[in-house]
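# Test case, fold it:
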Amino acid sequence: MRVAGIMSGTSLDGIDVAIVDISKKRSGVRVKPVAFRTTPYPRLVRQALLAVSNSMTHTATIARLSFLLGELYAGALRDTARRARVPLDSIVLAGMHGQTIFHEARPVEYLGHAVASTMQIGEAAIVAERTGIWTISNFRERDMAAGGKGAPLVPAVDFLLFRHRTVARIALNIGGIANITVIPADSERKHVIAFDTGPGNIVIDALVAHHTNGRQTFDRSGRIARAAKVHPRMLESMLGDPYFKLAPPKACGREQFGREFVEGLIATGIPVPDLIATATELTARSVAHAILNYAGTEIIASGGGIHNRHLMRRLRELLNGRKLVTSDHYGIDPDAKEAIAFAILAYEFMQRRPGNLPSATGARHAVLLGKDSPAC
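Predicted coordinates for the structure are as follows:
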């Protein structure tokens with residue numbers, strides 16, 4: 001079955017569209033890549049998304065952005081198919097994550113009730129209408145209704161893709177937020193452990209944007225960090241963040257490591273290049289610490305962070321000789337991995353199979369994830 005996955009992550013760098021052919025195999029799914037493309041967000045759209053993410057805003061702004069994103073997602077899907085000469089009508093299904101603008105996984109007191117909540121915007125009905133493709137969206141809410149944290153969701157896909165009869169593996173994704181999926185050899189779904197380890201690129205990217213007045217949005221190959229100095233006391237303070245002491249399952253986002261966190265770093269007066277180096281070391285150490293707590297002879301990495309050579313070099317040094325490869329070693333484009341994941345979650349929805357891992361999200365039981373917008 002030909003399925004598209006549409007993903008826009010915490011880094012707010014753009015819209016990833018992956019088109020894949022999915023078939024069932026005995027212990028999971030088989031994925032054959034067909035096309036992949038990233039469409040950068042227009043500058044004003046990115047600024048608008050940053051302005052509404054975990055902040056006070058107006059309902060009109062959110063509504064307009066949600067419908068605009070639907071148009072942009074549909075356009076990105078059509079464009080990806082056209083450039084790859086893939087007939088749009090050959091795509092049976094699309095899985096659309098949407099853009100997270102708020103995620104509060106742990107319940108807080110609100111109007112006399114304990115409430116956990118999440119919001120992803122991007123109107124799926126527009127994608128279905130503009131493309132003629134059955135579109136599945138809103139994957140996180142049902143898991144949270146079942147007592148889960150709504151994240152991470154990709155571990156269910158990691159299990160389907162990378163489970164091995166004799167080899168224990170750890171899937172690592174370094175996006176805006178970094179997360180790991182621990183997959184014991186010959187495991188069942190209930191044996192998988194997965195959680196967000198903390199910031200991936202989110203703090204680094206924000207500091208780079210500040211340092212360059214918006215001319216750059218990421219540290220290409222880790223050049224800034226490599227030429228600067230890690231600030232030991234600041235690193236120690238950052239590693240002391242309460243999030244790192246929480247036991248899994250756990251999830252984080254801009255609410256913990258977004259604007260306020262970065263503004264606090266800048267306010268210290270430490271040279272921003274040194275803050276970038278320190279934030280890079282924070283990602284490397286928090287990821288390595290999480291991985292070293294578990295058995296896993298092979299770490300399979302994906303996400304934008306793999307292009308940060310300085311970060312990857314530090315990870316290899318901190319992992320004490322464990323094998324670290326990228327997911328393209330197994331035929332999965334590391335940049336396309338999360339978009340592919342939501343194509344697979346849409347496929348699982350259509351097959352009426354649960355898409356969450358309670359061992360990863362903390363949900364009381366496995367549930368079907370997603371809401372559907374039929375093509376007609």
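
# Quickly run through the sheet partners of the host helix or strand of Phe36, with directions.
Secondary structure from DSSP states H and E places Phe36 in strand 28-40. Using DSSP bridges, the strands paired with strand 28-40 in its sheet are strand 14-25 (antiparallel).

# C-alpha coordinates for the strand it pairs with, PDB please?
Provided in PDB are the C-alpha atoms of strand 14-25 (Å, rounded to 0.1, in the frame of the first residue of the first chain):
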ATOM      1  CA  GLY A  14       9.700  22.900   7.600                       C
ATOM      2  CA  ILE A  15       7.400  20.200   6.300                       C
ATOM      3  CA  ASP A  16       8.800  16.700   5.700                       C
ATOM      4  CA  VAL A  17       6.800  14.500   3.300                       C
ATOM      5  CA  ALA A  18       7.700  10.900   2.800                       C
ATOM      6  CA  ILE A  19       6.000   8.600   0.300                       C
ATOM      7  CA  VAL A  20       6.500   4.900   1.000                       C
ATOM      8  CA  ASP A  21       5.100   1.500   0.000                       C
ATOM      9  CA  ILE A  22       4.200  -0.500   3.100                       C
ATOM     10  CA  SER A  23       3.600  -4.200   3.300                       C
ATOM     11  CA  LYS A  24       3.200  -6.500   6.200                       C
ATOM     12  CA  LYS A  25       5.900  -9.000   7.300                       C
END
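
# Just give me how far it sits from the chain centre.
15 Å (Cα atoms, centre = their mean, to the nearest Å).

# State the mean pLDDT of the strand holding Phe36.
Strand 28-40 comes out with an average pLDDT of 93.

# Contact partners for Gly150?
Contact partners of Gly150, counting by Cβ atoms under 8 Å, 6 or more residues apart in numbering, are 103, 105, 116, 118, 140-141, 143-144, 251, 361. Glycine gets a C-beta too; all of them are placed from N, C-alpha and C.

# how much space between the nearest residue to it once chain neighbours are set aside and Ala363?
Spatially, and ignoring its direct neighbours in sequence, Gly150 is nearest to Arg140 (3.7 Å; Cβ to Cβ, 6 or more residues apart in numbering). To Ala363, Arg140 is 11 Å away according to Cβ to Cβ, to the nearest Å.

# Neighbours of the residue nearest to Gly150, how many?
Arg140: 26 surrounding residues under other Cβ atoms under 10 Å.

# Do I have it right that it meets Met119?
No: at 9.2 Å, Arg140 does not count as touching Met119 under the criterion of Cβ atoms under 8 Å.
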